[in-house]
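Chemist: Sequence and predicted model, in that order:
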Number of protein chains: 2
Amino acid sequence: MAAVIRITDPADPRLDDFRDLTTADRRPDRPGGKGLVIAEGVVVVRRLLASPYPVRSLLGVQRRIAELDAEVDSSVPAYVTSADVMAEVVGFHLNRGVLAVADKVKPWSLDDLAAKKRLAVLEGVGDHENLGALFRNVAALGFGGVVLGPGCSDPLYRRSVRVSMGHVLAVPFTTVTEWPGALKHLRSKGFQVLALTPRADSVPLNKVATDGPVAVLLGSEGPGLTDEAIDAADHAVRIPMTGGVDSLNVATAGAVAFYAIGTG
Amino acid sequence: MAAVIRITDPADPRLDDFRDLTTADRRPDRPGGKGLVIAEGVVVVRRLLASPYPVRSLLGVQRRIAELDAEVDSSVPAYVTSADVMAEVVGFHLNRGVLAVADKVKPWSLDDLAAKKRLAVLEGVGDHENLGALFRNVAALGFGGVVLGPGCSDPLYRRSVRVSMGHVLAVPFTTVTEWPGALKHLRSKGFQVLALTPRADSVPLNKVATDGPVAVLLGSEGPGLTDEAIDAADHAVRIPMTGGVDSLNVATAGAVAFYAIGTG
């Protein structure tokens, strides 16, 4: 049972975590951002409550808070207010009627990730929607975590959390700076690194044996993977495609590859 | 070589096809909509020019029209103007610098579609972005066409065309009203109809033999397929997923199924 607190004044300082989300939360990983995790809607808030991220408080209309009440610890304040006050606090109208904020947690290390059997490794995936969709696909198809290489955005950004349907909150991830050193490190830990690329010398995905730990390397939709990343992989692999269609969306290509490789 | 015509007056009636796109084109399939196909950006305009849809005219800034010039028939006017005049005509600022409009063509029939070996059949996919993404995945993974059942939107809506990267313009499709009669009709033509659903009695996708023509039935993300549609299929199949993740996005699930089934 949450500690339900009714609030009528949009200026109430207890709502500061929720204030002006369009600007305050634009890049929570950047100085000036609050570094908070923000979940929107009952489904995503529920996944936040079940995640390792410690929830600071909820803000919602009566009906939505009531739906979540049984899942909220009594130490967590749940601020109940009107849709109008919510809109004034956050700076835009919310369709979903409830928000929650949580603190970030200590990041996983590359070696934490290397204990998994299946990883996605991303290079240059800067689009928050693609990133959120990738995490959703990782979670759905049983991959164990995500390694974020250069050029990737923060997967805990609000829009990414929303597009992932909150599944980003259940997936361990780490950001690496050694590049393509991190790929070499994974190989030294026993991973087979498969670079997904439409390049001419790539082999169809189903022609590669995927016993043992596998890391799937995915690049951004436009430029694709860098040559140095592909060269650091064990194999360049591709999804066979019909003539004229250059590539799938990166999150979709990831889903196909995760399915084809399986959870081992 | 296009017939290049310079225009400086945003009120020029030759630009009427491009006027107020946010409202005129909201639902081109509805009375009052213009019933035109609209392509945005060089890549998508190029796919429109290669499609069966007869192009009426192009509107763009000098640089973008020049990129496309060699692909445009001399009977097609290409109106060149400034970015500001374009924005005034269409009603919003265009990042992509070029638009083209085309007429629709006579729709394909269900029997035209039944001549293909692989079909996607959609029920209740009303979201234009999901619809566009589905067509892109159909095209990329070598499926032959799309059957639109009840509750589907117009795949030639502008946003759907854009999200499909223009691939919707290369994929035959038809809208059916007999439901689930159309599924029975496909089965009578030799199709095996596979309903993709997380339902408990569904079998994993890779346990079903997919010799002969196959139609994959996909439902909207929230409610999923109706029972009557599933009952009219040969098999209910699922993508094996990790506990707690209820489903993939419908376009992503489609891509995984199209890949798993293959082009035969």
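Modeler: That came in fine, so what should we check first?
Chemist: Close to chain B: what parts of the stretch 151-264 of chain A are there?
Modeler: Within the stretch 151-264 of chain A, the positions near chain B by CB under 8 Å from any CB of the partner chain are A:167, A:170, A:239-242, A:244-245, A:247-249, A:251-252, A:255-256, A:259-260, A:263. Where you see a C-beta, it was placed from the backbone N, CA and C, and this is true even at glycine.
Chemist: Where does pLDDT dip in the stretch 1-150 of chain A?
Modeler: Low-confidence segments of the stretch 1-150 of chain A (pLDDT under 70): A:23-34.
Chemist: Return the residues of it in contact with chain B.
Modeler: Residues of the stretch 1-150 of chain A lying close to chain B (CB under 8 Å from any CB) are A:133, A:136, A:137, A:139, A:140, A:141, A:142.
Chemist: Check what contacts the particular helix or strand that has residue A:135 in it and list those residues.
Modeler: Assigned by DSSP states H and E, residue A:135 belongs to helix A:128-140. Under the criterion CB atoms under 8 Å, 6 or more residues apart in numbering or on different chains, residues A:120, A:122, A:125, A:145-146, A:152-153, A:155, A:157, A:159-165, A:167-168, A:170-171, A:173, A:218, A:220-221, A:249-252, A:254-255, A:258, B:239, B:241-242, B:244-245, B:247-249, B:252 lie in contact with helix A:128-140.
Chemist: Show me the strands in the stretch 51-200 of chain A, by range?
Modeler: A:55-60, A:77-80, A:98-103, A:118-123, A:145-148, A:173-175, A:192-196 (DSSP state E, counting those that start in this stretch).
Chemist: which helices and strands sit right next to the shortest one?
Modeler: Right, strand A:173-175. Packing partners of strand A:173-175 (3 or more CB pairs under 8 Å, 6 or more residues apart in numbering or on different chains; DSSP states H and E): helix A:110-114, strand A:145-148.
Chemist: who's residue A:195 bridged to?
Modeler: Here residue A:195 sits in beta bridges with residue A:217, residue A:236, going by DSSP bridges.
Chemist: Could you tell me how many residues sit around it?
Modeler: 27 (other CB atoms under 10 Å in any protein chain shown).
Chemist: what's the answer for residue A:258, then?
Modeler: Look at residue A:258: counted by other CB under 10 Å, it has 22 neighbours.
Chemist: what sits against the closest residue to it other than its chain neighbours?
Modeler: Nearest non-adjacent residue to residue A:258, counting by CB to CB, 6 or more residues apart in numbering or on different chains: residue A:141, 3.9 Å away. Contact analysis of residue A:141 by CB under 8 Å, 6+ apart lists A:255, A:258, A:259, A:263, B:239, B:241, B:242, B:248.
Chemist: In helices only, show me the residues you listed.
Modeler: Among these, the members found in helices (DSSP state H) are A:255, A:258, A:259.
Chemist: Show me the contact partners of the strand or helix carrying residue A:46.
Modeler: Element membership for residue A:46, per DSSP H and E: helix A:42-49. With contact meaning CB under 8 Å, 6+ apart, helix A:42-49 is reached by A:37, A:39, A:55, A:58, A:64, A:67-68, A:71-72, A:96-100, A:102, A:161-162, A:165-167, A:169-170.
Chemist: List the buried residues of that helix.
Modeler: Neighbour-count burial for helix A:42-49 flags A:42, A:44, A:45, A:46, A:47, A:48, A:49 (criterion: 16 or more other CB atoms under 10 Å in any protein chain shown).
Chemist: likewise stretch A:115-134?
Modeler: Under the neighbour-count criterion of 16+ other CB under 10 Å, stretch A:115-134 has A:116, A:118-125, A:127-128, A:130-134 buried.
Chemist: and of those residues, the nearest to chain B?
Modeler: Nearest to chain B, judged by CB to the nearest CB, of these is residue A:133 at 6.8 Å.
Chemist: Can you name every helix or strand that the strand or helix carrying residue A:229 contacts?
Modeler: Here residue A:229 sits within helix A:227-231, counting by DSSP H and E. Contacts defined by 3+ CB pairs under 8 Å, 6+ apart place helix A:227-231 against strand A:214-219.
Chemist: Report the buried members of the contacts of helix A:128-140.
Modeler: The neighbour-count test (16+ other CB under 10 Å) marks A:120, A:122, A:125, A:145-146, A:152-153, A:155, A:157, A:159-165, A:167-168, A:170-171, A:173, A:218, A:220-221, A:249-252, A:254-255, A:258, B:239, B:241, B:245, B:247-249, B:252 as buried among these.
Chemist: can you state the direction angle for the helix holding residue A:46 and strand A:98-103?
Modeler: Put simply, helix A:42-49 runs at 20 degrees to strand A:98-103, going by axes from the mean of the first three to the mean of the last three CA atoms, to 10 degrees.
Chemist: circling back to that earlier point, just send the residues of the stretch 1-150 of chain A next to chain B back as TSV, with distance to residue A:78 too.
Modeler: Shown next, in TSV, are the residues of the stretch 1-150 of chain A next to chain B (distance: CB to CB, whole Å):
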residue	distance to residue A:78
A:133	30
A:136	26
A:137	32
A:139	26
A:140	29
A:141	34
A:142	33
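Chemist: between those residues, which has the most around it?
Modeler: Scoring the residues of the stretch 1-150 of chain A next to chain B on neighbours with other CB under 10 Å, the highest-scoring entry is residue A:137 at 29 neighbours.
Chemist: Would you mind stating the distance between it and residue A:258?
Modeler: Plainly put, residue A:137 is 6 Å away from residue A:258 if you go by CB to CB, to the nearest Å.
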